[in-house]
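Here's my sequence, what's the structure:
(one chain, ligands or ions: 1)
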Amino acid sequence: MRWDTKSAFRRSNDRSERTEPRPVTSPLGPYGDRVLVTSRSFEEYVAFFDLDDEALGGRILDCAAGASGFAATLAARGGQVTAVDSAYTDAPVLLEQAALARADGDAMIDSNDHRFVWDWYGCHEHRRTLRASALDAFTADFARSPGRYLPGRLAELPFIDGTFDLALCSHLLFTWSDVLDEQWHERALRELLRVATEVRVFPLVLKGTGAPVSFLPALVDALRGEGHTVDVVPVPYEFQVDTHDMLRLRRRRARWPVRSDPHRRRPKRRREDSEGDPRRADRGGPAGPVGRDVHRAH
Ligand SMILES: C[S@@+](CC[C@H](N)C(=O)[O-])C[C@H]1O[C@@H](n2cnc3c(N)ncnc32)[C@H](O)[C@@H]1O
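Residues are numbered from 1 along each chain as shown. Now for the predicted structure:
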């Protein structure tokens, strides 16, 4: 089947038969204005999410993409990628915010050098160059290919179920957990799992201090309890000291096709079926290897 995000976007809206735009329900302002619009590069994303060629070859969603150069670079390499962000409703404000965030980020890092390790970047100059070229790549592609950049706001995305193989979330979830609460995170992760088979989130700590997010272990347990596979996985990137794990979630596989006829009865479960039920197999709980990783990460 040919993949077409634009028509998936349209079909999603058709399905809900809305005639008015969706209301903005996020705890943030209409442009997510308490969250900086940053511009990380393709190279940084590859490291944050430990992306190999197989992962990069799928249908990818970058959410929330901000002014990142990931989608522009991947598309130029022939990848299938869509970027979503709540700030895509107003291009001039977005670009102004991105330029400000870049200057602010550089200044914050210069004055908090002890909080960072430079092994991955090598030096300040290389980091600055990556961010500058990412912003340039984004700006050019945003103007050239507007259909790749869709306005959207977690925790409700404008796509039908399973539109993507992989959703990437860099520096929104957990990073801004002083602004976005536990309930919002839970809804946001479920929504990402609805539109993508696999979801990867980096980093898992609060911005600035790098403090652990207190509700992360409970969130992992809740999603595991629903049968999703949830792992905390080390990645080949560390910048904030001791911050080198991503959250990887794989959606529970549906055992039965969605029923269109509400009167049709569900097939009876056989004994061997329930033994092979992935919802049972994946319930490792906090004592399982993943649970240990969650505690190690903090
Ligand atoms: C810190 S930036 C990260 C941008 C990019 N992923 C990166 O790593 O450079 C966070 C982004 O989240 C967007 N944002 C804030 N709240 C959002 C929401 N509820 N849904 C979607 N995007 C949101 C902001 O507009 C901003 O661009």
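
which stretch of helix or strand covers the closest residue in space to Leu95 that isn't next to it in sequence?
Nearest residue to Leu95 in three dimensions, chain neighbours excluded: Thr139, at 6.4 Å (Cβ to Cβ, 6 or more residues apart in numbering). Where you see a C-beta, it was placed from the backbone N, CA and C, and this is true even at glycine. In the assignment (DSSP states H and E), Thr139 maps to helix 124-144.

Check which residues of that helix are buried.
Neighbour-count burial for helix 124-144 flags 127, 130-131, 133-135, 137-139, 141-142 (criterion: 16 or more other Cβ atoms under 10 Å).

show me where the stretch 151-298 of the chain has helices.
Using DSSP state H, counting those that start in this stretch, the helices found in the stretch 151-298 of the chain span residues 182-195, 216-225, 271-275, 278-281, 289-297.

Turn the buried residues of helix 124-144 into TSV, including distance to Ala196 and pLDDT.
Formatted as TSV, those follow (distance: Cβ to Cβ, whole Å; pLDDT from 0 to 100):
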residue	distance to Ala196	pLDDT
Arg127	29	94
Leu130	26	96
Arg131	26	95
Ser133	27	96
Ala134	23	97
Leu135	26	96
Ala137	23	98
Phe138	21	97
Thr139	26	96
Asp141	21	98
Phe142	22	97
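
The ligand next: which of those are close?
Applying Cβ under 6 Å from any ligand atom to those, one finds that nothing falls near the ligand.

and Val93, how many residues sit next to it?
By other Cβ atoms under 10 Å, the residues close to Val93 number 13.

Get me the contact residues on the stretch 101-250 of the chain for the ligand.
Contacts of the stretch 101-250 of the chain with the ligand, taken as Cβ under 6 Å from any ligand atom, map to 153-154, 170-172.

Quick one: these as JSON lines, columns for distance to Gly105, pLDDT and neighbour count too.
Putting these into JSON lines (distance: Cβ to Cβ, whole Å; pLDDT from 0 to 100; neighbours: other Cβ atoms under 10 Å) gives the following:
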{"residue": "Arg153", "distance to Gly105": "23", "pLDDT": "94", "neighbour count": "24"}
{"residue": "Leu154", "distance to Gly105": "22", "pLDDT": "96", "neighbour count": "24"}
{"residue": "Ser170", "distance to Gly105": "14", "pLDDT": "98", "neighbour count": "24"}
{"residue": "His171", "distance to Gly105": "11", "pLDDT": "96", "neighbour count": "20"}
{"residue": "Leu172", "distance to Gly105": "15", "pLDDT": "96", "neighbour count": "23"}
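
From the residues you listed, which land in strands?
Using DSSP state E, Ser170 are the members of these that sit in strands.

For the residues of the stretch 101-250 of the chain next to the ligand, could you give me TSV that also reports distance to Lys207?
TSV is the format used below for those (distance: Cβ to Cβ, whole Å):
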residue	distance to Lys207
Arg153	20
Leu154	17
Ser170	12
His171	8
Leu172	10
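
related to what we said a few turns ago, could you say what helices and strands the helix holding Thr139 packs with?
For helix 124-144, the contact count by 3 or more Cβ pairs under 8 Å, 6 or more residues apart in numbering; DSSP states H and E identifies helix 42-48, helix 70-76, helix 91-111 as packing neighbours.

List of residues touching that helix?
Residues from elsewhere that reach helix 124-144 (Cβ atoms under 8 Å, 6 or more residues apart in numbering): 39-44, 67-73, 75-76, 91, 95, 98-99, 102, 105-106, 109-110, 118, 121, 148-149.

Mind doing that once more with 6 Å?
The set of residues external to helix 124-144 that reach it, using Cβ atoms under 6 Å, 6 or more residues apart in numbering, is 39, 41, 67, 69, 72-73, 98, 102, 121, 149.
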